[in-house]
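Peer 1: Next input, structure requested:
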Amino acid sequence: MPQSSRAVVIGGGIGGLTAAVALHLRGRQVTVLERARSLEPVGAAISLSPNALRALDVIGIGDEIRDLAAWQGDGGLRTPTGRWVAKTSAAEAAERFGGPLVLLHRATLINSLAALLPPDAVRTNAAAGLADPGDAHRPARVTTSDGELEADLVVAADGIHSGVRRTLFPDHPGPVHSGFTTWRLVIPVPGVAFTSHETWGRGRLWGTHPLKDGRVYAYAAATGPAGQHAADDEKAELLRRFGDWHDPIPAVIAAARPEDVLRHDVHHIAEPLPAYHRGRVALLGDAAHAMPPTLGQGGNQAIEDAVVLAHHADDLAAYTAARLPRTTAIARQAVKAARIDMMSNRAGIAVRNTAIAALSKARPALLLRSFDGIADWRPPVEVPPLERR
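Peer 2: The predicted structure is shown next:
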C-alpha cells in the first residue's frame, strides 16, 4: 500500500477510534497508538445527543448504539430538597432535534468502535510523540518505543493535556482549571426507583440516570480549587457534601464502594487555538477544544470532529474551517452554563430557580433550548454513507 494512504491516530479514546474507523472506511491504512495497556476506558458513562448519533450513522453504527443505550429526556431539574424546578420529555427532545438523547457506558461505545477496525490496527501500551508534523513535500513522523512511523496524516486525539498540541503550538497557554471538581460512578442500586434528574445546589450539583443494563450512572460536581482530595475516601466526601439531598441520592452513595467513585478536577481550553492542524497533523476532541462537561458535549464534539476530519482528510485547512468556529462557540457556551449551574450566591440561586420555573411553565421546552444549534447538527451533506472496503 502506498505510504500516502497511511494514517496514524495518537489516542484510542472515543474520538480517536471514531476517526480511525472513518478513515479506515475511506480506504486508509490506519494505526492507532494508545498509551494505556488496554482500550478499556475509565468507568463512566457518556451521553450522546442526536448530533453525535448522526455522525455515528456515517460510519454505520448509529442504530447499534441507539439499541444499546438508554434514551434520556424524561426527567428534569430539581433542588436539593427534591422540589422540581423544571421537567423535560424524551419525546419532545427527539422531536425537537430529530432523534433521541441516549446514555451508555463508555466501554460499550469503545468496544463497538474497535470492532470496526482490523485486528492489527490498534496498538496498546504504545506511548507516542510527534517528531515532525510534515508538510506538502514530506510525511509526518511519529515516535514510539518501537521506532518511528511515517504517515501522510496524523490524528492527535491524545486528550486535554495533549503533547502533540504543545509541539504544534508551543506558545499556546494550554488548559486552565474550570473552578470545580467532579465525581462519577456507575453501579447497581437494587430496589431504588427514580426519575432521571439533575439537582443544583449552592456551588454543587448532582445527576442520576439509569443505564439500559440496570445500573445507575451518577455524577456530582462542586466548586473549589484544583488538587484537593478527601482525607479519607471519595465516597465519604460525597456523603458529606450530598448525603442530606433528596432521594435517591443518599441511596446511590450508600450503594457505592469507595473504589467505585472517580474524582477529577475539570479543566478546559479557554483561549482557542489558532488552528486545529499544522502540516499533516490534525488535532481532535479534547486535544483541540476541551470544554467543561456542563453541556455534555465533549465526547459528542470529538465524534463530530472525527467524521468531518475523514471528509477533509486531504485538506486540513478545510477541517479547521469547519470545526474551529463551531467548537469554540460550544466551549464558550459550556463555560457560561457552568457559571449558572454552579452558582454559589444564595440570592442569585433563588432568582435563577424562580426564572427557570416560571419560564418552563410558559415554555415547557426551555431546558432543551440550550441544545439548539448543537443537537440539530448534521454531518456535511456531501459526505456519502461510508462502506467497508
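
Peer 1: Could you say which helix or strand holds the closest residue to Ala22 other than its chain neighbours?
Peer 2: The shortest distance from Ala22 to any non-neighbouring residue, by C-beta to C-beta, 6 or more residues apart in numbering, is to Ala310 (3.5 Å). The way it works is simple: take the backbone N, C-alpha and C, and place the C-beta from them, glycine included. Using DSSP states H and E, Ala310 maps to helix 298-311.

Peer 1: any idea how far Leu130 lies from Ala140?
Peer 2: According to C-beta to C-beta, to the nearest Å, Leu130 and Ala140 sit 7 Å apart.

Peer 1: That should have said Asp341, apologies.
Peer 2: Taken as C-beta to C-beta, the span from Asp341 to Ala140 is 40 Å.

Peer 1: Of the two, give the one with the bigger neighbour count.
Peer 2: Ala140 (23 against 20; other C-beta atoms under 10 Å).

Peer 1: pLDDT wise, what is the more buried one at?
Peer 2: pLDDT recorded at Ala140 is 98.

Peer 1: One more: Glu387?
Peer 2: 46.

Peer 1: hey, what's in contact with both of Leu130 and Ala140?
Peer 2: 154, 281 (C-beta atoms under 8 Å, 6 or more residues apart in numbering).

Peer 1: Report how many residues lie close to Leu283.
Peer 2: Applying other C-beta under 10 Å, I find that Leu283 has 30 neighbouring residues.

Peer 1: Correct me if wrong, but Gln228 is in a strand.
Peer 2: No. Going by DSSP: H, G, I helix; E, B strand; the rest coil, the assignment for Gln228 is coil, not a strand.

Peer 1: For it, give me its contacts.
Peer 2: Thr181 are the contacts of Gln228 under C-beta under 8 Å, 6+ apart.

Peer 1: any idea how far it lies from Thr294?
Peer 2: 20 Å.

Peer 1: Can you pull up the most central residue in the protein?
Peer 2: The chain has Gly299 as the residue nearest its centroid, 2.2 Å off, counting by C-alpha atoms, centre = their mean.

Peer 1: from what I can see that one touches Ala52, true?
Peer 2: Yes. The pair Gly299 / Ala52 is scored as a contact, 7.2 Å apart, by C-beta atoms under 8 Å.

Peer 1: ok, back up a step: quick check: next helix or strand after the helix holding Ala310?
Peer 2: Following helix 298-311 toward the C-terminus (DSSP H and E): helix 316-341.

Peer 1: What is the subsequent helix or strand relative to that next one?
Peer 2: Next element after helix 316-341 (DSSP H and E): helix 346-362.

Peer 1: Go ahead and produce PDB holding the CA coordinates of that next one.
Peer 2: Only the C-alpha atoms of helix 346-362 are listed here, as PDB (Å, rounded to 0.1, in the frame of the first residue of the first chain):
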ATOM      1  CA  ARG A 346     -28.000  32.500  47.600                       C
ATOM      2  CA  ALA A 347     -29.900  35.400  46.100                       C
ATOM      3  CA  GLY A 348     -28.700  34.600  42.600                       C
ATOM      4  CA  ILE A 349     -29.800  30.900  43.100                       C
ATOM      5  CA  ALA A 350     -33.200  32.000  44.200                       C
ATOM      6  CA  VAL A 351     -33.600  34.300  41.100                       C
ATOM      7  CA  ARG A 352     -32.200  31.600  38.800                       C
ATOM      8  CA  ASN A 353     -34.600  28.900  40.000                       C
ATOM      9  CA  THR A 354     -37.600  31.200  40.000                       C
ATOM     10  CA  ALA A 355     -36.900  32.300  36.500                       C
ATOM     11  CA  ILE A 356     -36.300  28.700  35.200                       C
ATOM     12  CA  ALA A 357     -39.500  27.500  36.900                       C
ATOM     13  CA  ALA A 358     -41.600  30.400  35.500                       C
ATOM     14  CA  LEU A 359     -40.200  30.100  32.000                       C
ATOM     15  CA  SER A 360     -40.600  26.300  31.900                       C
ATOM     16  CA  LYS A 361     -44.200  26.600  32.700                       C
ATOM     17  CA  ALA A 362     -44.800  29.100  30.000                       C
END
